[in-house]
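S.K.: from the sequence below, what's the structure:
(one chain, ligands or ions: 1)
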Amino acid sequence: MNVDIGNALDGDLGLARADLDALDDRVGDAHERIERGRAEAEHGYAALNLPETCDPEPIRRAASGFDPDHLLTVGIGGSALGAATLTDALGSGVDCRYLDNVDPAWVRATLDDVALSNTVVNVVSRSGTTAETLSNFLVVRRAMESAGVDWTERTVVTTGGEGNLRAMADEHDLPALDVPEGVPGRFSALSTVGLFAAAVAGVDLDELLAGAAAEADRLAGSLFESPAYAYGATAYALAERGAATNAVMPYAESLERFAEWFAQLWAESLGKDGGGQTPARALGATDQHSQLQLYRAGPADKLVTLVRPRGSADTPIPETDLEGLSYLGGSSLGELLDAEFRATEASLAAAGRENVRIEIDRVDERGIGELLYGMEAACVLYGELAGVSTFTQPAVEWGKKAARGLLGGGDFAEADAVSEKRRLEVE
Ligand SMILES: O=P(O)(O)OC[C@H]1O[C@H](O)[C@H](O)[C@@H](O)[C@@H]1O
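M.R.: Numbering: from 1, shown residues only. Take a look at the predicted model:
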(Lines give C-alpha, C1' and ligand atoms only; values in the text may rest on other atoms or scores of the structure.)
Protein backbone atom coordinates (compact mmCIF):
# COMPACT_ATOMS: atom_id res chain seq x y z
CA MET A 1 0.00 0.00 0.00
CA ASN A 2 1.31 3.38 -0.97
CA VAL A 3 0.19 6.58 0.75
CA ASP A 4 0.80 10.05 -0.67
CA ILE A 5 0.01 12.80 1.85
CA GLY A 6 1.38 15.69 -0.24
CA ASN A 7 -2.05 17.17 -0.91
CA ALA A 8 -2.89 17.12 2.80
CA LEU A 9 -0.31 19.83 3.44
CA ASP A 10 -0.67 23.59 3.10
CA GLY A 11 -4.39 23.54 2.34
CA ASP A 12 -7.23 25.47 3.98
CA LEU A 13 -6.83 23.67 7.30
CA GLY A 14 -3.21 24.80 7.52
CA LEU A 15 -1.40 21.54 8.19
CA ALA A 16 2.29 22.06 7.42
CA ARG A 17 5.15 19.62 7.05
CA ALA A 18 6.63 21.05 10.27
CA ASP A 19 3.46 20.02 12.13
CA LEU A 20 3.91 16.43 11.00
CA ASP A 21 7.60 16.56 11.97
CA ALA A 22 6.52 17.71 15.43
CA LEU A 23 3.85 15.00 15.65
CA ASP A 24 6.31 12.27 14.73
CA ASP A 25 7.66 11.85 18.28
CA ARG A 26 4.15 11.05 19.43
CA VAL A 27 3.79 8.60 16.56
CA GLY A 28 6.95 6.88 17.84
CA ASP A 29 5.46 6.61 21.35
CA ALA A 30 2.15 5.37 19.97
CA HIS A 31 3.95 2.76 17.89
CA GLU A 32 5.70 1.49 21.03
CA ARG A 33 2.34 1.24 22.81
CA ILE A 34 0.85 -0.62 19.85
CA GLU A 35 3.79 -3.03 19.71
CA ARG A 36 3.45 -3.69 23.45
CA GLY A 37 -0.25 -4.37 22.99
CA ARG A 38 0.50 -6.75 20.14
CA ALA A 39 3.22 -8.56 22.09
CA GLU A 40 0.82 -9.15 24.97
CA ALA A 41 -2.14 -9.88 22.64
CA GLU A 42 -4.19 -7.26 24.47
CA HIS A 43 -7.82 -6.79 23.50
CA GLY A 44 -7.95 -5.01 20.16
CA TYR A 45 -4.22 -4.88 19.57
CA ALA A 46 -4.37 -8.66 19.03
CA ALA A 47 -6.17 -7.93 15.75
CA LEU A 48 -2.93 -6.55 14.34
CA ASN A 49 -1.35 -9.98 14.87
CA LEU A 50 -3.88 -11.80 12.67
CA PRO A 51 -1.56 -12.12 9.67
CA GLU A 52 0.60 -14.39 11.89
CA THR A 53 -1.98 -15.90 14.21
CA CYS A 54 -4.82 -16.69 11.85
CA ASP A 55 -4.61 -20.28 10.63
CA PRO A 56 -6.41 -20.52 7.29
CA GLU A 57 -6.43 -24.33 7.33
CA PRO A 58 -9.57 -24.96 9.47
CA ILE A 59 -11.34 -22.23 7.52
CA ARG A 60 -10.51 -23.85 4.21
CA ARG A 61 -11.54 -27.23 5.61
CA ALA A 62 -14.92 -25.89 6.73
CA ALA A 63 -15.46 -24.33 3.30
CA SER A 64 -14.25 -27.29 1.28
CA GLY A 65 -17.23 -29.50 2.09
CA PHE A 66 -19.48 -27.29 -0.03
CA ASP A 67 -19.81 -26.30 -3.64
CA PRO A 68 -22.77 -23.92 -3.39
CA ASP A 69 -24.37 -21.53 -5.85
CA HIS A 70 -25.19 -19.12 -3.03
CA LEU A 71 -23.56 -18.16 0.25
CA LEU A 72 -25.80 -16.43 2.73
CA THR A 73 -23.88 -14.76 5.53
CA VAL A 74 -26.06 -13.82 8.46
CA GLY A 75 -24.34 -11.22 10.64
CA ILE A 76 -24.25 -7.49 11.24
CA GLY A 77 -21.62 -4.76 11.58
CA GLY A 78 -18.17 -6.23 11.96
CA SER A 79 -19.63 -9.69 11.55
CA ALA A 80 -20.66 -8.96 7.95
CA LEU A 81 -18.76 -6.02 6.51
CA GLY A 82 -15.29 -7.60 6.42
CA ALA A 83 -16.54 -10.70 4.61
CA ALA A 84 -18.63 -8.56 2.24
CA THR A 85 -15.60 -6.40 1.46
CA LEU A 86 -13.51 -9.45 0.65
CA THR A 87 -16.06 -11.29 -1.47
CA ASP A 88 -17.09 -8.14 -3.36
CA ALA A 89 -13.49 -7.31 -4.17
CA LEU A 90 -12.10 -10.79 -4.75
CA GLY A 91 -14.81 -13.43 -4.89
CA SER A 92 -15.89 -15.24 -8.00
CA GLY A 93 -18.28 -17.99 -8.94
CA VAL A 94 -20.46 -17.97 -5.83
CA ASP A 95 -23.33 -15.56 -5.33
CA CYS A 96 -22.56 -14.02 -1.90
CA ARG A 97 -25.43 -12.37 -0.03
CA TYR A 98 -25.35 -10.68 3.35
CA LEU A 99 -28.35 -10.62 5.64
CA ASP A 100 -27.12 -7.70 7.72
CA ASN A 101 -30.44 -5.99 8.24
CA VAL A 102 -33.84 -6.97 9.53
CA ASP A 103 -35.93 -5.15 6.94
CA PRO A 104 -38.65 -7.81 6.60
CA ALA A 105 -39.44 -7.25 2.91
CA TRP A 106 -35.78 -7.38 1.95
CA VAL A 107 -35.08 -10.52 4.01
CA ARG A 108 -38.07 -12.23 2.40
CA ALA A 109 -37.01 -11.12 -1.08
CA THR A 110 -33.47 -12.38 -0.50
CA LEU A 111 -34.70 -15.77 0.65
CA ASP A 112 -37.06 -16.00 -2.33
CA ASP A 113 -34.21 -15.17 -4.64
CA VAL A 114 -31.80 -17.97 -3.69
CA ALA A 115 -32.09 -21.73 -4.19
CA LEU A 116 -31.96 -22.75 -0.52
CA SER A 117 -31.07 -26.34 -1.40
CA ASN A 118 -27.89 -25.02 -2.97
CA THR A 119 -27.10 -22.36 -0.38
CA VAL A 120 -24.54 -22.42 2.41
CA VAL A 121 -25.44 -20.35 5.44
CA ASN A 122 -22.75 -18.81 7.62
CA VAL A 123 -24.19 -17.34 10.77
CA VAL A 124 -21.65 -15.03 12.38
CA SER A 125 -21.78 -13.37 15.76
CA ARG A 126 -18.90 -12.93 18.13
CA SER A 127 -21.21 -12.46 21.13
CA GLY A 128 -23.73 -14.99 19.89
CA THR A 129 -26.48 -12.76 21.23
CA THR A 130 -27.04 -10.00 18.64
CA ALA A 131 -30.82 -9.73 18.15
CA GLU A 132 -30.77 -8.93 14.44
CA THR A 133 -28.44 -11.80 13.57
CA LEU A 134 -30.18 -14.37 15.73
CA SER A 135 -33.63 -13.34 14.48
CA ASN A 136 -32.55 -13.47 10.85
CA PHE A 137 -31.00 -16.85 11.38
CA LEU A 138 -34.23 -18.19 12.88
CA VAL A 139 -36.07 -16.91 9.80
CA VAL A 140 -33.53 -18.53 7.46
CA ARG A 141 -33.73 -21.80 9.36
CA ARG A 142 -37.51 -21.85 9.12
CA ALA A 143 -37.37 -21.04 5.40
CA MET A 144 -35.01 -23.98 4.88
CA GLU A 145 -37.27 -26.30 6.86
CA SER A 146 -40.27 -25.15 4.81
CA ALA A 147 -38.34 -25.84 1.60
CA GLY A 148 -37.49 -29.33 2.82
CA VAL A 149 -33.80 -28.51 3.18
CA ASP A 150 -31.84 -29.89 6.14
CA TRP A 151 -30.39 -26.67 7.54
CA THR A 152 -28.01 -28.56 9.81
CA GLU A 153 -26.26 -29.89 6.71
CA ARG A 154 -25.81 -26.44 5.22
CA THR A 155 -24.99 -24.18 8.18
CA VAL A 156 -21.58 -23.14 9.47
CA VAL A 157 -21.42 -21.12 12.69
CA THR A 158 -18.73 -18.55 13.44
CA THR A 159 -18.86 -17.38 17.04
CA GLY A 160 -17.09 -16.85 20.37
CA GLY A 161 -16.68 -19.37 23.18
CA GLU A 162 -20.09 -18.71 24.72
CA GLY A 163 -23.55 -17.45 23.87
CA ASN A 164 -26.68 -18.72 22.16
CA LEU A 165 -24.99 -19.51 18.88
CA ARG A 166 -22.31 -21.62 20.50
CA ALA A 167 -25.01 -23.53 22.38
CA MET A 168 -26.93 -24.09 19.13
CA ALA A 169 -23.80 -25.27 17.32
CA ASP A 170 -23.11 -27.74 20.15
CA GLU A 171 -26.70 -28.96 20.28
CA HIS A 172 -26.92 -29.66 16.54
CA ASP A 173 -23.31 -30.65 16.09
CA LEU A 174 -22.77 -27.94 13.48
CA PRO A 175 -19.36 -27.08 12.08
CA ALA A 176 -18.18 -24.10 14.14
CA LEU A 177 -15.31 -21.69 13.63
CA ASP A 178 -13.99 -19.75 16.61
CA VAL A 179 -13.82 -15.97 16.63
CA PRO A 180 -10.33 -15.31 17.99
CA GLU A 181 -9.91 -13.78 21.44
CA GLY A 182 -9.16 -10.08 21.63
CA VAL A 183 -10.35 -9.25 18.10
CA PRO A 184 -13.26 -6.78 17.98
CA GLY A 185 -15.75 -7.26 15.12
CA ARG A 186 -14.64 -4.31 13.05
CA PHE A 187 -11.04 -5.57 13.16
CA SER A 188 -11.94 -9.17 12.33
CA ALA A 189 -11.98 -9.25 8.52
CA LEU A 190 -8.72 -11.20 8.45
CA SER A 191 -9.95 -13.85 10.88
CA THR A 192 -12.51 -16.66 10.69
CA VAL A 193 -15.16 -13.92 10.64
CA GLY A 194 -14.22 -12.59 7.21
CA LEU A 195 -12.32 -15.54 5.81
CA PHE A 196 -14.96 -18.27 5.71
CA ALA A 197 -17.02 -16.38 3.13
CA ALA A 198 -13.82 -15.50 1.29
CA ALA A 199 -12.77 -19.15 1.16
CA VAL A 200 -16.17 -20.25 -0.16
CA ALA A 201 -15.88 -17.54 -2.82
CA GLY A 202 -12.51 -18.88 -3.96
CA VAL A 203 -10.25 -16.24 -2.42
CA ASP A 204 -6.62 -17.28 -1.84
CA LEU A 205 -6.38 -16.87 1.94
CA ASP A 206 -2.60 -17.34 2.06
CA GLU A 207 -2.00 -14.49 -0.37
CA LEU A 208 -4.47 -12.27 1.47
CA LEU A 209 -2.74 -12.86 4.80
CA ALA A 210 0.66 -12.41 3.12
CA GLY A 211 -0.47 -8.98 1.90
CA ALA A 212 -1.54 -8.07 5.42
CA ALA A 213 1.75 -9.38 6.84
CA ALA A 214 3.70 -7.24 4.39
CA GLU A 215 1.84 -4.16 5.63
CA ALA A 216 2.44 -5.20 9.25
CA ASP A 217 6.16 -5.35 8.48
CA ARG A 218 6.02 -1.73 7.34
CA LEU A 219 4.84 -0.44 10.73
CA ALA A 220 7.64 1.64 12.17
CA GLY A 221 8.30 4.31 14.78
CA SER A 222 7.94 7.18 12.30
CA LEU A 223 5.02 8.24 10.14
CA PHE A 224 7.50 8.93 7.36
CA GLU A 225 8.50 5.26 7.30
CA SER A 226 5.12 3.58 7.51
CA PRO A 227 2.31 4.15 4.97
CA ALA A 228 -0.39 3.09 7.44
CA TYR A 229 0.86 5.48 10.12
CA ALA A 230 1.34 8.26 7.56
CA TYR A 231 -2.37 8.02 6.81
CA GLY A 232 -3.49 7.67 10.45
CA ALA A 233 -1.32 10.53 11.67
CA THR A 234 -2.36 12.83 8.82
CA ALA A 235 -6.04 12.11 9.36
CA TYR A 236 -5.61 12.81 13.08
CA ALA A 237 -3.67 16.03 12.51
CA LEU A 238 -6.29 17.26 10.06
CA ALA A 239 -9.14 16.31 12.40
CA GLU A 240 -7.46 18.39 15.11
CA ARG A 241 -7.55 21.33 12.67
CA GLY A 242 -11.21 20.88 11.80
CA ALA A 243 -11.50 18.01 9.31
CA ALA A 244 -14.65 16.67 10.94
CA THR A 245 -15.46 14.52 7.90
CA ASN A 246 -13.38 11.87 6.20
CA ALA A 247 -14.80 11.20 2.73
CA VAL A 248 -13.52 7.90 1.43
CA MET A 249 -13.67 7.62 -2.32
CA PRO A 250 -12.45 4.42 -3.95
CA TYR A 251 -12.01 4.46 -7.71
CA ALA A 252 -13.14 0.86 -8.29
CA GLU A 253 -16.64 -0.60 -8.22
CA SER A 254 -15.26 -3.67 -6.47
CA LEU A 255 -14.15 -1.46 -3.56
CA GLU A 256 -17.51 0.13 -2.85
CA ARG A 257 -18.02 -2.20 0.14
CA PHE A 258 -14.55 -1.31 1.34
CA ALA A 259 -15.83 2.22 1.94
CA GLU A 260 -18.67 0.77 4.01
CA TRP A 261 -16.23 -1.35 6.02
CA PHE A 262 -13.98 1.67 6.51
CA ALA A 263 -16.92 3.73 7.73
CA GLN A 264 -17.61 1.28 10.56
CA LEU A 265 -13.92 1.02 11.44
CA TRP A 266 -13.43 4.78 11.60
CA ALA A 267 -16.74 5.77 13.20
CA GLU A 268 -17.06 3.09 15.85
CA SER A 269 -13.38 3.16 16.83
CA LEU A 270 -12.75 6.90 16.91
CA GLY A 271 -16.13 8.55 17.57
CA LYS A 272 -15.57 9.10 21.28
CA ASP A 273 -15.23 11.81 23.92
CA GLY A 274 -16.67 14.42 21.55
CA GLY A 275 -14.08 13.68 18.86
CA GLY A 276 -13.67 11.51 15.79
CA GLN A 277 -14.22 11.94 12.08
CA THR A 278 -17.53 11.35 10.36
CA PRO A 279 -16.94 8.91 7.51
CA ALA A 280 -18.62 9.77 4.24
CA ARG A 281 -18.81 7.24 1.41
CA ALA A 282 -18.31 8.17 -2.19
CA LEU A 283 -17.36 6.28 -5.33
CA GLY A 284 -15.12 7.49 -8.11
CA ALA A 285 -15.73 8.43 -10.82
CA THR A 286 -19.52 8.36 -10.26
CA ASP A 287 -19.57 10.78 -7.33
CA GLN A 288 -17.43 13.31 -9.15
CA HIS A 289 -20.76 14.15 -10.70
CA SER A 290 -22.49 14.68 -7.36
CA GLN A 291 -20.62 14.89 -4.04
CA LEU A 292 -17.46 16.48 -5.43
CA GLN A 293 -19.26 19.81 -5.61
CA LEU A 294 -19.55 19.80 -1.81
CA TYR A 295 -16.05 18.49 -1.22
CA ARG A 296 -14.51 21.26 -3.31
CA ALA A 297 -16.81 24.20 -2.56
CA GLY A 298 -18.64 23.35 0.68
CA PRO A 299 -17.28 23.85 4.19
CA ALA A 300 -13.52 23.37 4.60
CA ASP A 301 -14.01 20.60 7.16
CA LYS A 302 -13.04 17.49 5.27
CA LEU A 303 -10.28 15.10 4.39
CA VAL A 304 -10.94 13.32 1.09
CA THR A 305 -9.32 9.90 0.98
CA LEU A 306 -8.89 8.75 -2.61
CA VAL A 307 -8.22 5.03 -2.98
CA ARG A 308 -7.35 3.19 -6.15
CA PRO A 309 -5.62 0.20 -7.69
CA ARG A 310 -2.71 1.21 -9.93
CA GLY A 311 -3.60 -1.37 -12.52
CA SER A 312 -6.57 -3.41 -13.68
CA ALA A 313 -7.97 -5.08 -16.77
CA ASP A 314 -8.86 -2.43 -19.31
CA THR A 315 -11.49 -1.90 -22.00
CA PRO A 316 -10.70 0.11 -25.11
CA ILE A 317 -13.02 2.91 -26.15
CA PRO A 318 -13.97 2.39 -29.81
CA GLU A 319 -13.03 5.03 -32.37
CA THR A 320 -15.87 7.33 -33.26
CA ASP A 321 -16.51 9.94 -35.92
CA LEU A 322 -18.99 11.71 -33.64
CA GLU A 323 -17.89 15.28 -33.62
CA GLY A 324 -16.30 16.39 -30.36
CA LEU A 325 -15.79 12.83 -29.10
CA SER A 326 -12.87 11.82 -31.29
CA TYR A 327 -10.43 12.50 -28.43
CA LEU A 328 -11.92 9.49 -26.60
CA GLY A 329 -11.50 7.01 -29.45
CA GLY A 330 -8.36 4.92 -29.21
CA SER A 331 -8.22 5.62 -25.48
CA SER A 332 -9.61 3.23 -22.84
CA LEU A 333 -11.99 3.25 -19.88
CA GLY A 334 -8.97 2.72 -17.61
CA GLU A 335 -7.23 5.80 -19.02
CA LEU A 336 -10.42 7.77 -18.58
CA LEU A 337 -10.75 6.63 -14.97
CA ASP A 338 -7.12 7.56 -14.33
CA ALA A 339 -7.66 11.01 -15.79
CA GLU A 340 -10.80 11.44 -13.68
CA PHE A 341 -8.89 10.42 -10.56
CA ARG A 342 -6.05 12.85 -11.15
CA ALA A 343 -8.46 15.60 -12.12
CA THR A 344 -10.37 15.16 -8.85
CA GLU A 345 -7.17 15.27 -6.83
CA ALA A 346 -6.07 18.42 -8.60
CA SER A 347 -9.45 20.09 -8.37
CA LEU A 348 -9.53 19.57 -4.61
CA ALA A 349 -5.93 20.68 -4.14
CA ALA A 350 -6.38 23.78 -6.29
CA ALA A 351 -9.28 24.77 -4.03
CA GLY A 352 -7.18 24.22 -0.90
CA ARG A 353 -9.06 21.07 0.05
CA GLU A 354 -6.97 18.40 1.74
CA ASN A 355 -6.81 14.98 0.15
CA VAL A 356 -4.71 11.85 0.46
CA ARG A 357 -3.96 9.27 -2.21
CA ILE A 358 -3.90 5.59 -1.21
CA GLU A 359 -2.88 3.06 -3.83
CA ILE A 360 -2.55 -0.67 -4.08
CA ASP A 361 -1.04 -2.37 -7.12
CA ARG A 362 -4.19 -4.27 -8.03
CA VAL A 363 -7.48 -5.38 -6.53
CA ASP A 364 -6.10 -8.82 -5.74
CA GLU A 365 -5.48 -10.77 -2.56
CA ARG A 366 -2.18 -9.07 -1.87
CA GLY A 367 -3.48 -5.58 -2.45
CA ILE A 368 -6.62 -6.07 -0.39
CA GLY A 369 -4.63 -7.67 2.46
CA GLU A 370 -2.37 -4.61 2.51
CA LEU A 371 -5.27 -2.18 2.32
CA LEU A 372 -7.39 -3.67 5.11
CA TYR A 373 -4.46 -4.15 7.44
CA GLY A 374 -3.12 -0.69 6.64
CA MET A 375 -6.42 0.99 7.43
CA GLU A 376 -6.77 -0.94 10.68
CA ALA A 377 -3.27 0.08 11.78
CA ALA A 378 -3.99 3.68 10.75
CA CYS A 379 -7.12 3.63 12.86
CA VAL A 380 -5.33 2.20 15.91
CA LEU A 381 -2.62 4.86 15.58
CA TYR A 382 -5.23 7.63 15.31
CA GLY A 383 -6.91 6.23 18.45
CA GLU A 384 -3.61 6.33 20.35
CA LEU A 385 -2.89 9.89 19.27
CA ALA A 386 -6.41 11.00 20.20
CA GLY A 387 -6.24 9.14 23.52
CA VAL A 388 -9.54 7.33 22.99
CA SER A 389 -10.52 3.77 23.77
CA THR A 390 -10.35 2.52 20.18
CA PHE A 391 -11.70 -0.96 20.77
CA THR A 392 -14.92 -0.28 22.64
CA GLN A 393 -18.32 0.95 21.43
CA PRO A 394 -20.36 2.04 24.47
CA ALA A 395 -22.63 4.30 22.43
CA VAL A 396 -23.61 1.39 20.18
CA GLU A 397 -24.19 -0.84 23.20
CA TRP A 398 -26.55 1.78 24.64
CA GLY A 399 -28.88 1.47 21.66
CA LYS A 400 -28.65 -2.33 21.69
CA LYS A 401 -29.77 -2.41 25.32
CA ALA A 402 -32.63 0.00 24.67
CA ALA A 403 -33.90 -2.13 21.77
CA ARG A 404 -33.57 -5.30 23.79
CA GLY A 405 -35.49 -3.76 26.68
CA LEU A 406 -38.28 -2.71 24.30
CA LEU A 407 -38.58 -6.27 23.02
CA GLY A 408 -38.93 -7.61 26.56
CA GLY A 409 -35.44 -9.10 26.58
CA GLY A 410 -34.61 -7.79 30.06
CA ASP A 411 -34.81 -4.82 32.35
CA PHE A 412 -32.72 -2.06 30.79
CA ALA A 413 -32.83 1.54 32.00
CA GLU A 414 -31.91 2.55 28.43
CA ALA A 415 -35.34 1.36 27.26
CA ASP A 416 -37.07 3.82 29.62
CA ALA A 417 -35.50 6.71 27.73
CA VAL A 418 -37.52 5.75 24.65
CA SER A 419 -40.77 6.94 26.26
CA GLU A 420 -39.11 10.29 26.93
CA LYS A 421 -38.84 11.12 23.24
CA ARG A 422 -39.54 14.81 22.58
CA ARG A 423 -42.27 15.46 20.04
CA LEU A 424 -43.10 18.41 17.87
CA GLU A 425 -45.23 16.96 15.11
CA VAL A 426 -46.19 18.92 12.04
CA GLU A 427 -49.00 17.47 9.92
O1 LIG B 1 -20.57 -10.23 16.24
P2 LIG B 1 -21.67 -9.68 17.08
O3 LIG B 1 -21.44 -9.95 18.53
O4 LIG B 1 -23.00 -10.17 16.63
O5 LIG B 1 -21.64 -8.14 16.92
C6 LIG B 1 -21.96 -7.49 15.72
C7 LIG B 1 -21.79 -6.00 15.88
O8 LIG B 1 -22.54 -5.65 17.02
C9 LIG B 1 -22.39 -4.35 17.60
O10 LIG B 1 -23.28 -3.48 17.03
C11 LIG B 1 -21.00 -3.83 17.62
O12 LIG B 1 -21.02 -2.45 17.83
C13 LIG B 1 -20.28 -4.13 16.33
O14 LIG B 1 -18.93 -3.73 16.47
C15 LIG B 1 -20.34 -5.60 16.08
O16 LIG B 1 -19.56 -5.90 14.98
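S.K.: close to the ligand: what parts of the stretch 51-200 of the chain are there?
M.R.: Counting by Cβ under 6 Å from any ligand atom, the positions of the stretch 51-200 of the chain adjacent to the ligand are I76, G77, G78, S79, S125, R126, S127, T130, T133, G185, R186. All C-beta atoms are positioned from the backbone trio N, CA, C, and that covers glycine.
S.K.: what sits against the first one?
M.R.: Taking Cβ atoms under 8 Å, 6 or more residues apart in numbering as the contact definition, I76 lies against D100, N101, S125, T130, E132, T133.
S.K.: just the element for T73, please.
M.R.: Taking DSSP states H and E as the criterion, T73 maps to strand 70-74.
S.K.: show me what that strand packs onto, helices and strands only.
M.R.: Contact here means 3 or more Cβ pairs under 8 Å, 6 or more residues apart in numbering; DSSP states H and E; on that basis strand 70-74 packs against helix 81-90, strand 95-99, strand 119-125, helix 131-146, helix 192-200.
S.K.: now mean pLDDT too, for these, in TSV please.
M.R.: Compiled in TSV, the helices and strands packed on strand 70-74 are given as follows (pLDDT from 0 to 100):
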stretch	mean pLDDT
helix 81-90	98
strand 95-99	98
strand 119-125	98
helix 131-146	97
helix 192-200	98
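S.K.: and the residue of the stretch 301-427 of the chain closest to the ligand?
M.R.: V396 (3.7 Å; Cβ to the nearest ligand atom).
S.K.: list the contacts for the closest residue in space to that residue that isn't next to it in sequence?
M.R.: The spatially closest residue to V396, leaving aside those adjacent along the chain, is E268, at 6.4 Å (Cβ to Cβ, 6 or more residues apart in numbering). By Cβ under 8 Å, 6+ apart, the contact set of E268 is G77, R186, Q393, V396.
S.K.: domain boundaries for the chain, per the record?
M.R.: 2-36+209-386, 48-203 (automatic domain parsing).
S.K.: including distance to A402, could these go into JSON lines?
M.R.: Converted to JSON lines, those look like this (distance: least, Cβ to Cβ, whole Å):
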{"stretch": "domain 2-36+209-386", "distance to A402": "17"}
{"stretch": "domain 48-203", "distance to A402": "11"}
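S.K.: hey, where'd the strands end up in this structure?
M.R.: With DSSP state E, the ranges of strands along the chain come out as 2-4, 70-74, 95-99, 119-125, 155-159, 176-178, 245-250, 278-281, 302-309, 355-360.
S.K.: any chance of TSV for these, columns mean neighbour count?
M.R.: Putting the strands of the chain into TSV (neighbours: other Cβ atoms under 10 Å) gives the following:
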stretch	mean neighbour count
strand 2-4	17
strand 70-74	25
strand 95-99	21
strand 119-125	27
strand 155-159	27
strand 176-178	19
strand 245-250	24
strand 278-281	18
strand 302-309	24
strand 355-360	22
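S.K.: tally of neighbours for G65?
M.R.: By the criterion of other Cβ atoms under 10 Å, G65 has 11 neighbours.
S.K.: please list the residues of the stretch 301-427 of the chain that sit near the ligand.
M.R.: Residues of the stretch 301-427 of the chain lying near the ligand (Cβ under 6 Å from any ligand atom): Q393, V396.
S.K.: in the stretch 301-427 of the chain, where is pLDDT below threshold?
M.R.: By pLDDT under 70, the stretch 301-427 of the chain contains no weakly predicted segment.
S.K.: quick one: the helices in it?
M.R.: Assignment of helices within the stretch 301-427 of the chain using DSSP state H, counting those that start in this stretch yields the ranges 333-350, 365-386, 394-406, 413-416.
S.K.: so of those, which one's packed in deepest?
M.R.: Ranked by mean neighbour count, those are led by helix 365-386 with a mean of 26 (mean count of other Cβ atoms under 10 Å).
S.K.: point me to the residue of the stretch 151-300 of the chain nearest the ligand.
M.R.: For the stretch 151-300 of the chain, Cβ to the nearest ligand atom, closest residue to the ligand: G185, 2.6 Å.
S.K.: identify the residue nearest that residue in space, chain neighbours excluded?
M.R.: Distances taken as Cβ to Cβ, 6+ apart put G78 closest to G185, at 2.3 Å, once the chain neighbours are dropped.
S.K.: from P180, how far out is that neighbour?
M.R.: Separation of G78 from P180 (Cβ to Cβ, to the nearest Å): 13 Å.
S.K.: what residues are shared contacts of the two?
M.R.: Counting by Cβ under 8 Å, 6+ apart, the common neighbours of G78 and P180 are S188.
S.K.: neighbour count winner among those two?
M.R.: In this view G78 and P180 are compared by other Cβ under 10 Å, and G78 has more residues nearby, 26 against 21.
S.K.: wait, doesn't that one sit right on Q264?
M.R.: Yes: in this structure, G78 is within contact of Q264 by Cβ atoms under 8 Å, at 6.5 Å.
S.K.: now the common contact residues for these two.
M.R.: Here G78 and Q264 have R186 as joint contacts, going by Cβ under 8 Å, 6+ apart.
S.K.: just to revisit the earlier point, and the strand holding T73 with helix 192-200, angle?
M.R.: Inter-element angle recorded for strand 70-74 and helix 192-200: 170 degrees (by axes from the mean of the first three to the mean of the last three Cα atoms, to 10 degrees).
S.K.: who does strand 70-74 pair with, and is each partner parallel or antiparallel?
M.R.: strand 95-99 (parallel), strand 119-125 (parallel) (DSSP bridges).
S.K.: residues contacting A89?
M.R.: With contacts defined as Cβ under 8 Å, 6+ apart, A89 is in contact with S254, L255, R257, F258, V363, I368.
S.K.: return the distance of it relative to W261.
M.R.: Spatial separation of A89 from W261 under the definition Cβ to Cβ is 10 Å.
S.K.: contacts only, for D411.
M.R.: For D411, the set of contacting residues under the criterion of Cβ under 8 Å, 6+ apart consists of G405.
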